[in-house]
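1. below are the sequence and a predicted model; questions follow.
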Amino acid sequence: EHLKALKPYLEKRYEVVSDRADLYCYFFERGLRLLKPGGRLGFISSNTFFKTGSGKPLRGYLLREATIEGVVDFGDLQIFEGVTTYPAILTMKRGAAPKGHDLRFWKVDTLPEANFQATWEAAAGPYPQAALGAGSWELENSRLQALRAKIERGKPKLQDVYGAPLYGIKTGLNEAFVIDSATKDKLCAQDSRSAELLKPFLEGKDIRRWRGEPRGLWGIMLTKGWTKGRYGPGDEEEQWKRLSSEFPGIAGWLSQFSSKAARRTDKGDYWWELRSCDYLALYDEPKVIFAHFQSEPLFFFDDEHFYTNNRGYIWRAGLFEVALLNSKVVWFFMTGVTSSIQGGFFEATTQNTTRIPIPATTEAQKEALAALAAECQRVAKKRRDIEAALRRRIPDLCPPGRDPKLTTRLQEWWTLPDFAAFRAEVKKVFKADIPLAERSAWEDWITRDRAEIARLSAEITKAEAQIDSIVYGLFDLTPDEIALLEASI
């Protein structure tokens, strides 16, 4: 943001400039320019330019103007206390790399306890600089590099076959436009017509593999053009009176946020409208939804008409595509073209997902994969409902007058080892034990449903293995290649 004012100056003087280039990009170019031919520099900087679109000019510049000698990639290891960074160390000489030049590369999984230099000498492996291009830098050993190349070679990309995924809804003021079920029920009780404008809403953290896990959120969907389309042209005062007359519940709720909503820079024709969304109707159709931040494949086929925030994406596709996207092959590809961030997450942006290779597939193979995906989704939803049914009852154990908010351990009660652990967590959170008369019933319920959840999870795992087997065949992977792939994810 602070560099915007300098952009005209930078565009005339630097080759690495881009709309969203970080400040360190200019330091690389300036540093190389200041060196004599053959002079060396070393920087510790962010590794994000390895794979981002904004880093493409810098990647190209370094390949043209530098002989890269060493790269140490720390991934999402946090080596600077008190700040989240994704660091890498790069050393290089000024001047284009000679033909056949190999740089040395080390992907650091854990920090050495002592003698960083000695560990570097032992762990760093060769990597041909010529293998780097203006596209994402996927620095890895030659076997993995060859496997990724095979997976991608000769296949159309997702965008070429299906078009690009679409961003979720950006409200600019979630406290006004995203409400909980209690507020939704109150508004609908005041005016039943409120339901027309309320849509089931998922945030990115609610998007899971094979299913959405709604938390009772609802979006007020008044996008740019809705008011004029409904009432015709008019000034803000006239239009607000019309909206308030037809939807008094919604208008009454939104009125308390009028000042904040009006200050948004990204809104519709009136303060109560959201920004324009040309594909809003797609939310009411069957579609694929996936999460922005993923530590495993998080794609599901949505036939429940969920809307999402801007940490989710939608895509006009079906069950076959969901099976493919949740496969180990696609996850292997995705993690190779995406930078990891803190916590082992990867960003499934439009830029990254559109690059996924799509293999040639017969109708029979598509049908088989779609059927397996449908089974995974059916079982995952059944498991979700069992988990939620007991979770909804846990607040009943909280004494009156105390906050019934659940900890993560209680929200994910089935992950606790036994009833004794569940009871201990209840006592810790609610400062009260489960009533003696109810303990036996709770223990039976938890024991029964934990066993059923484990059984359903095993069914999903079995179906996922069948999906992976078919997808391995679509990409013509050998047993050795499959073993290499599975060991790397």
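-> All right, it came through fine. For clarity, every value in this text was computed on a predicted model and none was experimentally measured. Numbers count the residues shown, from 1 in each chain.
2. centre of the chain to the edge, which residue is at the far end?
-> Using C-alpha atoms, centre = their mean, the residue of the chain lying farthest from its centre is residue 437. It sits 44.7 Å away.
3. before we move on, which element is that one in?
-> Element membership for residue 437, per DSSP states H and E: helix 436-474.
4. do the same with residue 72
-> Secondary structure from DSSP H and E places residue 72 in strand 66-73.
5. confirm residue 105 sits in a strand?
-> Yes: using DSSP: H, G, I helix; E, B strand; the rest coil, the assignment for residue 105 is a strand.
6. what's around it, how many residues?
-> 19 (other C-beta atoms under 10 Å). (Each C-beta comes from the backbone N, C-alpha and C, glycine too.)
7. okay, the closest residue to residue 94 other than its chain neighbours: pLDDT?
-> Nearest residue to residue 94, sequence neighbours excluded (C-beta to C-beta, 6 or more residues apart in numbering): residue 35, at 4.1 Å. Note on residue 35: pLDDT of 95.
8. kindly report the same for residue 1.
-> 56.
9. same question, residue 350
-> So residue 350 comes in at 88 (pLDDT).
10. and it, how many neighbours?
-> For residue 350, using other C-beta under 10 Å, the count is 15.
11. that one reaches residue 313, doesn't it?
-> Yes: with contact defined as C-beta atoms under 8 Å, residue 350 reaches residue 313; the gap is 6.9 Å.
12. mind listing the shared neighbours of those two?
-> 165, 167 (C-beta atoms under 8 Å, 6 or more residues apart in numbering).
13. so, low pLDDT: which residues of this protein?
-> 1-3 (pLDDT under 70).
14. in the stretch 201-350 of the chain, which spans are helices?
-> Along the stretch 201-350 of the chain, counting by DSSP state H, counting those that start in this stretch, helices occupy 226-231, 236-246, 248-255, 258-262, 319-325, 328-337, 350-353.
15. out of those, which is closest to residue 417?
-> Distance to residue 417, taken as C-beta to C-beta, is lowest for helix 328-337 among the helices of the stretch 201-350 of the chain, at 28.8 Å.
16. could you export the closest one as PDB, CA atoms only?
-> Only the C-alpha atoms of helix 328-337 are listed here, as PDB (Å, rounded to 0.1, in the frame of the first residue of the first chain):
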ATOM      1  CA  LYS A 328      -3.200 -37.400  -3.400                       C
ATOM      2  CA  VAL A 329      -1.900 -36.600  -6.900                       C
ATOM      3  CA  VAL A 330      -3.500 -33.200  -7.000                       C
ATOM      4  CA  TRP A 331      -2.400 -32.400  -3.400                       C
ATOM      5  CA  PHE A 332       1.200 -33.300  -4.400                       C
ATOM      6  CA  PHE A 333       0.900 -31.000  -7.300                       C
ATOM      7  CA  MET A 334      -0.700 -28.200  -5.300                       C
ATOM      8  CA  THR A 335       1.900 -28.200  -2.500                       C
ATOM      9  CA  GLY A 336       4.600 -28.000  -5.100                       C
ATOM     10  CA  VAL A 337       3.300 -24.800  -6.800                       C
END
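17. which strands and helices sit next to that helix?
-> helix 142-152, helix 350-353, helix 436-474, helix 479-488 (3 or more C-beta pairs under 8 Å, 6 or more residues apart in numbering; DSSP states H and E).
18. between helix 328-337 and the first one, find me the angle.
-> When axes from the mean of the first three to the mean of the last three C-alpha atoms, to 10 degrees is applied, the directions of helix 142-152 and helix 328-337 differ by 120 degrees.
19. please save the CA atoms from helix 142-152 in CSV.
-> The C-alpha trace of helix 142-152 is given here as CSV (Å, rounded to 0.1, in the frame of the first residue of the first chain):
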residue,chain,number,x,y,z
SER,A,142,15.5,-34.4,-9.2
ARG,A,143,13.2,-37.4,-8.7
LEU,A,144,10.4,-35.2,-7.3
GLN,A,145,11.0,-32.7,-10.0
ALA,A,146,10.7,-35.4,-12.7
LEU,A,147,7.5,-36.7,-11.1
ARG,A,148,5.9,-33.3,-11.1
ALA,A,149,6.9,-32.8,-14.7
LYS,A,150,5.3,-36.1,-15.6
ILE,A,151,2.0,-35.3,-13.8
GLU,A,152,1.8,-32.0,-15.7
